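Peer 1: below is the structure, and that's it, no one-letter string:
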């Protein structure tokens, strides 16, 4: 449904053609400094229309906190947040009156709900993600203040052009150590911090844009300074909840963490992350990090990193042979201009969902730790 | 935690060295024929010790229904199920008293819970999956009777040896149409239905077994006849809940559905699944199925298919240089014999988790459909 | 927290001194006619300032649907609703800077959350109930369209003045058969449909109003035409969820259903509701209804009726000897005018919470019924 | 359904005529000393057959911990617990093949689930409460070790014979200060600590027993040393969750806390609990406790006390005129001997449910407190 999380819980509402979109956060700790200025930056990063390679629709997306704060501090009560819908140009989508858009959600929504919304796909609209990003910004602030957690996502592939994101590659591991949100944005709208592939990626996007086509890609995300012990076995392992969160983002096709799919070809003798004592931290660390910061579903203090596959956007401006709702063959041509690659815009969404996952698991573990001390 | 699902809900208990493992299913529809004979086959398929290439521990794993059925039919009340623990050889693991096993859950469990269990990793034990498989067998029967749903998983890669599981490959798509649980098991313990790679896979497992090493792989699963309309946007999209379920299985590293990671390199014009009318079904179908049976988080009636990455087993018999719990470098050598590849054994677990996901979402949609008709 | 229900789920936000209050409904069936006109009447009934015996603050409380409907019909997506905060006169409460108001939530809120909100009691404000009433109006429409459910609450006692609400009293049982929301409101602001006690009740309220005091009362509610089979044993029995819902309303002190506390003195031979066949309905009914429409936690088709105790309002205008936050004895005198009896205003809140409970349980049972038919 | 709680969560299974009944506790803090000896006493107190005034069926009810502990300490993993079913005499109930027992759950269960279980009412059986009591004993140990919480319930009325349980009565308030589980049990099977009414209560039970009838009563419960700050507004106020828990116990008819229904007749000037500083505790306390230890849904450090109404047992040995399932008038005579008053046996069940509520809310608040400190 539209609620995510248990202790730190967000409920979102809104689609493309209604008055507003937004969310309610329940479980935010009280007494934390919080204003719209904490939330707006990620909303603006999510916003389309930032450059020539993304969609030119201009959505202002100014967030308004409705409740849950006073004098710039959280009260502990639910935080209502809202962003007005302004520039949605409903007429651009009119051909969907006849045709369900291929690989879009028009057809499945009408099958499931029995009614057709103006946007066709209802809540499958990218605009639905505004509530997630607003909530994620709050979660991120909680994590940063409470534990110094850093979450940075970036584009690691576009079409066939890909960074090396092999877990055994020291260059990649070094990138995970050092990449910042600033360095990602400094890379321009493509949001790839690797200058070796960045221009090639941009060219790929431009090529498909000019062909009135679209192209997919991969977003990789690293979480640094995650407290040890997060994740609730057996069903709510850290990676399981992360996977849930990531695959709930529109247009995703896959999730892998640590060594991922490629790691399945490594034998245990090479894949296992041996322990070694770290004098600085006064605890064990692992020599390698094929585990991606999670063992047995529980964070181990190493960097958590994972990748999310995004398909090419379903809405393209070129003609597509397909069927009308009532079964007649025909040709659909979407009017308007469309984002040739949604992958770069997904970067703050991935970060937001990661923050929501961690904030929730952090509260669960803090409760356990508090009681453990009291009952032993 | 240890509960999965909302409408059709399973709660599991048990680890390696306790009296029993089991589960409680809540929400099973009443009046369905159900005995242990419906559940035992999948538990037996999950059981180790079935062949020379899997671990020789002999676990009998006979399930006993405790409640929720009478005269061979479900009552609608919670179904308690239990499997005794018998042959757990706790002494084989004794070296874990000194060493946290690399890439196992020993260290994170002690960090999280503050206590060391006999098995080290507590609930990260493969034995925990018995409750899932028992519950999954019940979910599967519900789905089969109610909608003719078929769920078949199989091994699609072991180490570097892989079937072609490209969404655009007609041979692969044909396999998804035709593969059965019988044809998978007929392939022998490797559980790969593709005879072109099966023997090579077995050789890979044997090679690592002989080297006292282990190797990972990929399990692919197809769901046929899934009712249209399952999946609860926005956070509980069908693929999101599937990903959650799959990544909650021990030793998993990734999840992809439909065209998956590879599909990100296809432009929208090729990736989009055009609609066409199917006279037999009296409804639209798609010409291709890069979507993997899900659009906008909702099943569209095409085959749902997805793949799950399993790492090489962390427990290997060869010596590993690592650290003791208290920070001293040393060499750990696991005694006993260990499974060189857990991937084939994961096949029924993947099927079970898929069934649990679908049963839950099926109930949610049935509730909506019932009320939709009444309020319009 | 701030979410109620599982399948028909409402999440609320807002306190007295923020921008707006509101809610998100998730799980409303699609295709139902729904506009603000369906919701406003109950919000207006909840509104203070309707008469000389309730508080004169003028809150306009116009609801705005933000999402989830198009062209006057529900989409099946979350329904966001908002009511602006306008007339909250924060200065009237200024003495709470020094004194926690006795029997109000000021002190416990600061103990729990560590921060003091402008309203003192934060979410304990009556204004929090706006979201519940808005959501309840939607739930009620679902129930009415789907099953003809009628929910009517009324004041059954004020202070010492009480109707006879004994389960064995035929006059009372007849009232439960016939009372309507219109007949309750026709009784004037006291909302008691029994003309024998109505004037006495009003006099009690006026007496305490004139004494700058307050007085409590009881709201009784009847649900007619509730479908048979609602309620989810064992923990979510219909009466258990109703009790949860009712005791979550501010200022409540108790809940009883059917014969209630008085019924404990009846022996089983008199308390038991014998069955008899009803030819009209073609099914069994009960001769008496001490069970209050619920047996074993499941609705049996008879009228569901229950009563909710409301304490005298904690905020009174007369002086109270009490302590300051920092432990000094003193005298608190609340400024402003305050509602001498919140009980009549609670009527639509009780109805709303009852509707939320039933809508949620209705969906759960509809899912079960749909699957039962398919698996037998 | 059959799960209660979020962070400290219990799921139960089992009915009268199956192999076993039991539960799974999820969320118990690790490292706590825990063996069957912590659980058995409350199970034995719950057990029928303890005296001449309760049912003579001899159920041994020995609990076996299945998982979640090692070496007498909790692991933090789910605690499975089981009690075998032994002496259920299914034949005694055979007449239910024809007649739904009046005010029992036979008819509603068959309406809801479509199948008739051997016990008629399925999960409405008192035997279902074993899992609650086993889990409650664990919750109680957590609360006792962590915060010194004391929970004591007792019978406060049987039929027309009642203790004075008025919130303003100093004798009653003194009883709440001093009553212990030992003093309750020392009162004999009637479990009323007030010697002034105890014998009269016993005589009432004997009178109805001899008349082959049954009688109801009220159980009152006090919670001492509850930490301040428990309860999750707005929907999960402490009293709301308590009411849910209590009304989920079979045969309950009502719940009230603090001044309860009688308190509605007190004006605010008398009902309000003025604050005063307590030097010993170094904090504010209240002079009176009409609030019953809860203000605004949050515990305030005073004693929490509440009462639960239990109806006369539905199963009586005398003949009852009623209808058969298929609508024919007739006379039902239950064979066997039946408990004339279930109220005394409900005492440990009320205590157990109270413990489950508090443990869950305690974890929620501990999580909040931990994060509050970190983000300010």
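Peer 2: Yep, it's here. Model, not experiment: these values are computed from the prediction.

Peer 1: contacting residues for residue A:308?
Peer 2: By Cβ atoms under 8 Å, 6 or more residues apart in numbering or on different chains, the residues touching residue A:308 are A:218, A:219, A:220, A:221, A:246, A:249, A:252, A:254, A:255, A:346, A:350. All C-beta atoms are positioned from the backbone trio N, CA, C, and that covers glycine.

Peer 1: now swap in residue A:314 and tell me
Peer 2: Here residue A:314 is in contact with A:101, A:102, A:103, A:104, A:214, A:251, B:268, B:272 (criterion: Cβ under 8 Å, 6+ apart).

Peer 1: switch the cut-off to 6 Å
Peer 2: Residue A:314 sits next to A:103, A:104, B:272 when contact means Cβ atoms under 6 Å, 6 or more residues apart in numbering or on different chains.

Peer 1: for residue A:300, which non-adjacent residue is spatially closest?
Peer 2: If the residues on either side of it in the chain are set aside, residue A:300 comes closest to residue B:108, at 5.1 Å by Cβ to Cβ, 6 or more residues apart in numbering or on different chains.

Peer 1: what helix or strand is the one you found on?
Peer 2: helix B:106-113 (DSSP states H and E).

Peer 1: still on that earlier bit, show me the contacts of residue A:308 that map onto strands.
Peer 2: Among these, the members found in strands (DSSP state E) are A:218, A:219, A:220, A:221, A:252, A:254, A:255.

Peer 1: list, one by one, the residues from chain A near chain C.
Peer 2: By Cβ under 6 Å from any Cβ of the partner chain, the residues of chain A that approach chain C are A:1-2, A:11, A:13-15, A:18-20, A:24, A:26, A:30-31, A:66-67, A:70, A:75-78, A:80, A:113-115, A:117-118, A:122-123.

Peer 1: mind listing what the residue in the stretch 51-200 of chain A that chain B sits nearest to touches?
Peer 2: Using Cβ to the nearest Cβ, the closest approach of the stretch 51-200 of chain A to chain B is made by residue A:105 at 2.3 Å. Residue A:105 makes contacts with A:121, A:124, B:295, B:296, as judged by Cβ under 6 Å, 6+ apart.

Peer 1: now the helix or strand encompassing residue A:321 against helix A:106-113, angle please.
Peer 2: Taking DSSP H and E as the definition, residue A:321 sits inside strand A:319-323. For strand A:319-323 against helix A:106-113, the angle by axes from the mean of the first three to the mean of the last three Cα atoms, to 10 degrees is 30 degrees.

Peer 1: let me know the average pLDDT across strand A:319-323.
Peer 2: Taken as a whole, strand A:319-323 has a mean pLDDT of 94.

Peer 1: ditto for stretch A:214-222
Peer 2: Computed over stretch A:214-222, the average pLDDT equals 98.

Peer 1: go through the contacts of residue A:314 and name the one nearest chain D.
Peer 2: Closest approach between the contacts of residue A:314 and chain D, by Cβ to the nearest Cβ: residue A:104, at 36.0 Å.

Peer 1: before we move on, back to that, now, the contacts of residue A:105 that are in strands?
Peer 2: Checked against DSSP E, these include these in strands: residue B:295.

Peer 1: please indicate which of the contacts of residue A:105 are buried?
Peer 2: Those of these that meet the buried threshold are A:121, A:124, B:295, B:296, by 16 or more other Cβ atoms under 10 Å in any protein chain shown.

Peer 1: which residue packs closest to the third one, ignoring adjacent ones?
Peer 2: What it means is residue B:295. Once flanking residues are discounted, residue B:295 sits nearest to residue A:108: 4.6 Å by Cβ to Cβ, 6+ apart.

Peer 1: all good on my end, thank you.
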